[in-house]
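**Student:** got a predicted model here, sequence first, then my questions.
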Amino acid sequence: MNASKLKIYQFPCRQDNYGVILHDPQSGTTISIDAPETEAVGDVLESKGLKLTHILTTHHHGDHVEGNEALKSEYGCTIIGPAEEAAKIPGLDQSYGHGDTFDIAGHRIEVIGTPGHTLGQIAYYLPDQGVVFCADALFALGCGRIFEGTPEMMFTALERLAALPAETLVYAGHEYTLANAKFALSVDPDNSQLADRAREIEVMRDNGKPTLPTTLELELQTNPFLRADDPAIRKFLGMESHSDLDVFTEIRARKDRF
């Protein structure tokens, strides 16, 4: 396995999306995680002097695939995406599903099925880099809205992500953290670590700094969507005797109304 360290460039685009570009200096391989905006991706490539070789698509929503065809036309890149949404991914060349693995430039990429937000969304985990790109499944202090799937699907998706090593860096598709922090405090008000983090996030956003990537360890300590088994949250919700799935479903419903 090629253990060379990838350079990772995260950049804001659209209204609140993040784009991410990975570059392997040894091989010249350059990967875009999704293609939310053609111009924004192209600007980063140009500024770094890079040639796009791959796009890893997480799901079919327009704010994640808008640039696929234009970037493929310009760079001749290979587009990889979720098998269960293959018909909906513009320019798709290769597709994978949960549990599949593939290599790019010697880097092993593990595919994690994360349905719920859409029926076929996937995340990409690179164990040799200690990073996961989970788009609209897991956010800093939040999770994706359930548009196409069920709460059970999303709960399972988050369990899969939560099982990764605690030190894993988590890259998500949107800058939603400040709003997520306010909601998290509404269901986990006595979590001092969450309160501290919420204050830090407010300062970061006031200064125009991104709150991503986060770490899985930090999310496990402060993200209520990963903590349906937490006694304090269950007590606050009056759901001590309910299943973890029931608690998660209630938290997600509250966030939808928040």
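**Tutor:** Sure, I can see it. Keep in mind that what you see is a predicted model, and the values were worked out from it rather than measured.
**Student:** show me where the chain has helices.
**Tutor:** 38-48, 62-65, 68-75, 151-162, 177-187, 192-206, 216-222, 231-237, 244-257 (DSSP state H).
**Student:** could you dump those helices to a markdown table with mean neighbour count?
**Tutor:** C-beta coordinates here come from the backbone N, C-alpha and C atoms, glycine included. Converted to a markdown table, the helices of the chain look like this (neighbours: other Cβ atoms under 10 Å):
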| stretch | mean neighbour count |
| --- | --- |
| helix 38-48 | 16 |
| helix 62-65 | 19 |
| helix 68-75 | 17 |
| helix 151-162 | 20 |
| helix 177-187 | 20 |
| helix 192-206 | 14 |
| helix 216-222 | 18 |
| helix 231-237 | 15 |
| helix 244-257 | 17 |
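**Student:** out of the ones you listed, flag the one nearest G99.
**Tutor:** In terms of Cβ to Cβ, the element of the helices of the chain nearest to G99 is helix 151-162, at 10.0 Å.
**Student:** if we can go back for a sec, for the helices of the chain, could you give me CSV that also reports mean pLDDT?
**Tutor:** What follows is the helices of the chain, written out as CSV (pLDDT from 0 to 100):
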stretch, mean pLDDT
helix 38-48, 98
helix 62-65, 97
helix 68-75, 98
helix 151-162, 98
helix 177-187, 98
helix 192-206, 98
helix 216-222, 98
helix 231-237, 98
helix 244-257, 98
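**Student:** looking at the ones you listed, which is closest to Q129?
**Tutor:** The minimum distance between Q129 and the helices of the chain falls on helix 216-222, with 13.8 Å, by Cβ to Cβ.
**Student:** need the residues that contact that closest one.
**Tutor:** 132, 138, 140-141, 161-162, 164-168, 170, 184, 188, 191, 193-194, 197, 226-227 (Cβ atoms under 8 Å, 6 or more residues apart in numbering).
**Student:** of the residues you listed, just the buried ones, PyMOL syntax please.
**Tutor:** The following PyMOL line selects those of those that are buried, judged by 16 or more other Cβ atoms under 10 Å:
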select buried, resi 132+138+140+141+161+162+164+168+170+184+188+191+194+197+226+227
